[in-house]
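Visitor: Build the 3D model from these lines:
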Amino acid sequence: MKGRFIVNPFQELNLTPADRTSLEDLANQCITTNLQLCMKYMSGSKRSVDPHHWKPLKEKERLRVYSERPEGAAAAAASGNEPTGSGLPMILCVGTMEGKLEDLLFGVISEDLETMRVKASYVDDFSGAAVLDAVVLPTLEDPFQSLVIKWMELDIPFHSTSLVKNRDYVYLEGTGYITTPQGERMGYHLLHSVNFPQTHALPSRIRGNLSIIGFWRQISPNNMEMYATGVMDPVDSGLLEEERLCHVFGADLGTEAR
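Guide: Residues are numbered from 1 along each chain as shown. Have a look, this model is predicted:
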């Protein structure tokens, strides 16, 4: 792990108040849009997943992971009622898991470099990462409310042979609580790509895009229901296959379905 986490590979972002407001608006838009899809799924008594849209990929304990079928993406995009990666590899994770919402949010929040370093010490997929700036930091009143800008480099097999370059990502990471229109409190964790003039392309890396979000609700004293979707653009020659995306997806959301 030593050496993977550096202070900042870019110049300071020097965000203006207007920049910070725009980033908060972007995060809120991502959260609100996906929350509607989450609530649509959770409102069904059977919690069913359309088999024509989603292909079963992995299952562990009570969490089920699906990948989007190519033929299902077009129909989902046309209807607007289903999440879709619009041609990019997309993962859907639904089910229940043991634990408490506060403990889970504590496990995924990492608003500074030191916390990020400690909590990612068990993850092998990342060869570099840094916190670039903070938009919203946790407070005593809202200890899990966080919105930060990060950079990470995803370690790709065989990249040392010069046949493949690692991918890196500059993204907005948000964590916190949100209240549904029905008055229920849910936890969320968001990762969404952003770009700035200062975050130029780095040598021997290809800049990628991602958008991952997970929602959790407490359904009993020690059980949570989860709904999450994620999309990342593929690596050269399709090396970021479904299994690998599933692994990175699970690591980002702090789940065990990977």
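
Visitor: where in the stretch 101-250 of the chain is pLDDT low?
Guide: 113-126, 156-163, 234-250 (pLDDT under 70).

Visitor: That one: strands as residue ranges?
Guide: 126-136, 146-154, 166-179, 185-193, 205-207, 210-220, 223-232 (DSSP state E, counting those that start in this stretch).

Visitor: Output these as a markdown table; include the columns mean neighbour count and distance to Leu15.
Guide: In this view, the C-beta of every residue, glycine as well, is placed from N, C-alpha and C. Below are the strands of the stretch 101-250 of the chain laid out as a markdown table (neighbours: other Cβ atoms under 10 Å; distance: least, Cβ to Cβ, whole Å):
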| stretch | mean neighbour count | distance to Leu15 |
| --- | --- | --- |
| strand 126-136 | 19 | 6 |
| strand 146-154 | 22 | 8 |
| strand 166-179 | 20 | 12 |
| strand 185-193 | 20 | 16 |
| strand 205-207 | 17 | 20 |
| strand 210-220 | 21 | 21 |
| strand 223-232 | 22 | 25 |
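
Visitor: between those, which one is nearest to Val94?
Guide: Val94 sits nearest to strand 223-232 of all the strands of the stretch 101-250 of the chain, at 5.5 Å, using Cβ to Cβ.

Visitor: what helix or strand does Leu23 sit in?
Guide: For Leu23, the host element (DSSP states H and E) is helix 17-42.

Visitor: What residues of that helix count as buried?
Guide: Leu23, Leu26, Ala27, Cys30, Ile31, Asn34, Leu35, Leu37, Cys38, Met39, Tyr41, Met42 (16 or more other Cβ atoms under 10 Å).

Visitor: next helix or strand past it?
Guide: On the C-terminal side of helix 17-42, the closest following helix or strand by DSSP H and E is strand 54-60.

Visitor: Pull the following helix or strand past that following strand out as PDB, backbone CA atoms only.
Guide: Remark: after strand 54-60, the chain's next helix or strand is strand 63-68, criterion DSSP H and E. Below are the C-alpha coordinates for strand 63-68, written out as PDB (Å, rounded to 0.1, in the frame of the first residue of the first chain):
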ATOM      1  CA  LEU A  63     -27.100  -9.600  -2.300                       C
ATOM      2  CA  ARG A  64     -27.600 -10.200  -6.000                       C
ATOM      3  CA  VAL A  65     -25.500  -8.500  -8.700                       C
ATOM      4  CA  TYR A  66     -26.700  -8.100 -12.400                       C
ATOM      5  CA  SER A  67     -25.100  -6.800 -15.500                       C
ATOM      6  CA  GLU A  68     -27.100  -4.900 -18.200                       C
END
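
Visitor: Now do strand 63-68, average pLDDT.
Guide: Average pLDDT, strand 63-68: 91.

Visitor: what are the pairing partners of that strand, and which direction each?
Guide: strand 54-60 (antiparallel), strand 90-98 (antiparallel) (DSSP bridges).

Visitor: lowest-confidence stretch among these?
Guide: Among these, strand 54-60 carries the lowest mean pLDDT, a mean of 89.

Visitor: Quick check: buried residues in that strand?
Guide: For strand 54-60, by 16+ other Cβ under 10 Å, it's Trp54, Leu57, Lys58.

Visitor: Contact partners for the nearest residue to Cys30 once chain neighbours are set aside?
Guide: The shortest distance from Cys30 to any non-neighbouring residue, by Cβ to Cβ, 6 or more residues apart in numbering, is to His192 (5.3 Å). The contact partners of His192, taken as Cβ atoms under 8 Å, 6 or more residues apart in numbering, are Leu26, Ala27, Cys30, Tyr171, Leu172, Gly174, Leu210, Ser211, Ile212, Ile213.
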